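Student: one predicted model, sequence on top.
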Number of protein chains: 2
Amino acid sequence: MGTTQLESVPEPKYWHLKTVLNDALDSEFEVGEILPNERDLAARFGVARATLRQALEQLELEGRLQRRRGVGTTVAPPRMGVSVGPSANTWPGAGIDAWETVGCVEAAAPAAIAALLGTAPDQAVHTIRRVRVMRGQPVAAELLYVPPASVPGLPGDLTPATHAPAVLRELHTLELEGEDRSVELGSARADDAKQLDRLPGAPVLVVTARYYAAGRVAAASVSTYRADTCRLTFGDAGAFEVTHHQQDTRQAS
Amino acid sequence: MGTTQLESVPEPKYWHLKTVLNDALDSEFEVGEILPNERDLAARFGVARATLRQALEQLELEGRLQRRRGVGTTVAPPRMGVSVGPSANTWPGAGIDAWETVGCVEAAAPAAIAALLGTAPDQAVHTIRRVRVMRGQPVAAELLYVPPASVPGLPGDLTPATHAPAVLRELHTLELEGEDRSVELGSARADDAKQLDRLPGAPVLVVTARYYAAGRVAAASVSTYRADTCRLTFGDAGAFEVTHHQQDTRQAS
DNA sequence: AAGTGGTCTAGACCACTCA
DNA sequence: GAGTGGTCTAGACCACTTT
């Protein structure tokens, strides 16, 4: 062990508390085990409940804990590795892709989506809502936007039950030329939070994708992944299977 | 800004506050403009300072605000699109890749890194610390791990100034066969936070990469990106240039 | 020295789950 | 109805930056 700096800078209580709890989780608790409640924990460590909660919040952010109102705080399993392509250039909804359609409407796209698609701000687009489930848990909620120009052969007799399949089927007749993606941090909107079984405002990883065909953006999607339970994987070599927690990667500079 | 009311549904105050502030940022403030201080804002909205701070915290998480202790709260510019490959299969440190080396040591890898590399837990590895700067701002701090077995031709007369370049040069003589990456949410460790000009615990996007050569993992890196200022881009079609904020993508289901 | 955001306290009540 | 986490208050002091 190198010489760690002592006394010169007071570490915040919640930060120290987080370290102590993190170590305790490794050594004294099993995955799924329920922790003492917040009032007891705060008393045990001699801090106010708000201070304890600040530590718990960070541990939940890092995927170490799961808190559920009315139930308690449990030790979270390691994050799931979730592949978000591009494993192969395939259209969304093609083949086996672990998504389940839960709704479909044709409505004017929000301004940000119109900019993504390159359509007029008031242009109506097909909007398919899908949910991705892994190991019995919802991990992502998605809105997939398809401009009518991308699916010219769409039949006219659409019911709520046939709308989404028909749009996807038409989309798949195009040749996919490319795709790009971006990932950023966000907080769950109320509707997404409900699908993800979380409270509104929960931290999420927002994956924005654009699909190109015939030199244009043929479709776009905004996928909202639970940041607490998911590790997004990219690239050719497949998903990691390492049990990996960031806080163990400390190293001198 | 008048007071709005109509509280038939018990939406949390901080959530409503966040919406109001978000709209105000769009209509009444310019990027870089400084907001009134927290005590004044709280008084203006008739809430406790802690409640106001809860709203500000979320807006900062979403990249709308930037808060600096001793200075104030300012309106953040849109997030930067930061490419994190794989644009082409190239080794880290090769060609022009916007990273600057700030240190290099040879030391035992943490357990999680040893697992990534497939080396023994006490195996010493070359550890290169790098920083990525965009538009004059640090956006990422990285630790790049290279096992000695990957750089057998390394000369023996290494000084702190020549260590990192020599390791990278040797690494580049291997043929890169593939790479994979994962992205997850984390909070900045003290050392990374310092490089990123943030407080410890700040939300970050942790990109873990593995580089393959000769059928083995030849190197691995853990890159810590500022979640407030960065949008990570992947894929073939290049970085987005869209001004995109997630909260504007609301749509019925 | 003044002003800012960051931390912390000791309470209170609410929304939710479950026996 | 008991117990849990979620929200909220009205203070206090601290660390930091700027003047």
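Tutor: Alright, I've got the coordinates. Numbers count the residues shown, from 1 in each chain, chains lettered A, B, ... in the order given.
Student: run through the bridge partners of residue A:130.
Tutor: Counting by DSSP bridges, residue A:130 forms beta bridges with residue A:101, residue A:142.
Student: please enumerate the strands of chain A.
Tutor: A:65-68, A:72-75, A:80-83, A:99-108, A:124-134, A:137-146, A:178-187, A:203-213, A:216-226, A:230-235 (DSSP state E).
Student: what residues are up against the residue nearest the centre of chain A?
Tutor: With distances taken as CA atoms, centre = their mean, the residue of chain A nearest its centroid is residue A:225 (1.2 Å). When contacts are counted by CB atoms under 8 Å, 6 or more residues apart in numbering or on different chains, residue A:225 touches A:82, A:84, A:139-140, A:204-207, A:232. The C-beta positions use only the backbone N, C-alpha and C, and glycine is treated the same way.
Student: and residue A:229, by the same measure?
Tutor: When contacts are counted by CB under 8 Å, 6+ apart, residue A:229 is found next to A:63, A:76, A:79-80, A:137, A:139.
Student: what number of residues lie near residue A:36?
Tutor: Neighbours of residue A:36 under the rule other CB atoms under 10 Å in any protein chain shown: 12.
Student: that one touches residue A:44, doesn't it?
Tutor: Yes. Between residue A:36 and residue A:44 there is a contact under CB atoms under 8 Å: 7.2 Å.
Student: can you lay out the strands of chain A as CSV showing distance to residue B:171 and mean pLDDT?
Tutor: Output for the strands of chain A, formatted as CSV (distance: least, CB to CB, whole Å; pLDDT from 0 to 100):
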stretch, distance to residue B:171, mean pLDDT
strand A:65-68, 38, 96
strand A:72-75, 38, 97
strand A:80-83, 26, 92
strand A:99-108, 39, 92
strand A:124-134, 35, 94
strand A:137-146, 35, 94
strand A:178-187, 27, 93
strand A:203-213, 30, 95
strand A:216-226, 33, 95
strand A:230-235, 19, 89
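Student: mind putting these in JSON lines, distance to residue A:195 included?
Tutor: Formatted as JSON lines, the strands of chain A follow (distance: least, CB to CB, whole Å):
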{"stretch": "strand A:65-68", "distance to residue A:195": "16"}
{"stretch": "strand A:72-75", "distance to residue A:195": "21"}
{"stretch": "strand A:80-83", "distance to residue A:195": "15"}
{"stretch": "strand A:99-108", "distance to residue A:195": "8"}
{"stretch": "strand A:124-134", "distance to residue A:195": "6"}
{"stretch": "strand A:137-146", "distance to residue A:195": "4"}
{"stretch": "strand A:178-187", "distance to residue A:195": "14"}
{"stretch": "strand A:203-213", "distance to residue A:195": "11"}
{"stretch": "strand A:216-226", "distance to residue A:195": "8"}
{"stretch": "strand A:230-235", "distance to residue A:195": "14"}
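Student: between these, which gets nearest to DNA strand C?
Tutor: DNA strand C sits nearest to strand A:65-68 of all the strands of chain A, at 6.6 Å, using CB to the nearest atom of the strand.
Student: ok, whichever helix in chain A runs longest near DNA strand C or not?
Tutor: Ranked by residue count and defined by DSSP state H, the top helix of chain A is helix A:13-28. Yes. Helix A:13-28 is in contact with DNA strand C by CB under 7 Å from any atom of the strand, via A:13-15.
Student: identify each buried residue in that helix, please.
Tutor: A:13-15, A:17-18, A:21-22, A:25 (16 or more other CB atoms under 10 Å in any protein chain shown).
Student: next one: the closest residue to residue A:18 other than its chain neighbours, what pLDDT does it get?
Tutor: Residue nearest to residue A:18 in three dimensions, not counting chain neighbours: residue A:55, with 4.2 Å by CB to CB, 6 or more residues apart in numbering or on different chains. pLDDT, residue A:55: 97.
Student: one more: the one 4 residues further on?
Tutor: At residue A:59, the pLDDT value in this model is 97.
Student: was I right to think it contacts residue A:65?
Tutor: Yes. Between residue A:59 and residue A:65 there is a contact under CB under 8 Å: 4.6 Å.
Student: quick check: neighbours shared by those two?
Tutor: residue A:25.
Student: and residue A:102, how many neighbours?
Tutor: Look at residue A:102: counted by other CB under 10 Å, it has 14 neighbours.
Student: residue A:133 too?
Tutor: By other CB under 10 Å, neighbour count at residue A:133 equals 12.
Student: just checking, it touches residue A:139?
Tutor: Yes. Under the criterion of CB under 8 Å, residue A:133 makes contact with residue A:139 at 6.9 Å.
Student: pLDDT score for the nearest residue to residue A:151 once chain neighbours are set aside?
Tutor: Once flanking residues are discounted, residue A:151 sits nearest to residue A:170: 3.8 Å by CB to CB, 6+ apart. With respect to pLDDT, residue A:170 scores 92.
Student: now do residue A:2
Tutor: Looking at residue A:2, its pLDDT is 30.
Student: again with residue A:8
Tutor: Listed pLDDT for residue A:8 reads 44.
Student: same check on residue A:118?
Tutor: pLDDT recorded at residue A:118 is 90.
Student: enumerate the residues of the stretch 51-200 of chain A near DNA strand C.
Tutor: A:51, A:54, A:68-71.
Student: flag every residue of the stretch 51-200 of chain A that's near chain B.
Tutor: Residues of the stretch 51-200 of chain A lying near chain B by CB under 8 Å from any CB of the partner chain: A:58, A:61-63, A:79, A:81, A:86, A:102-103, A:105, A:107, A:109-113, A:115-116, A:127, A:129, A:143, A:178-187, A:189, A:191, A:200.
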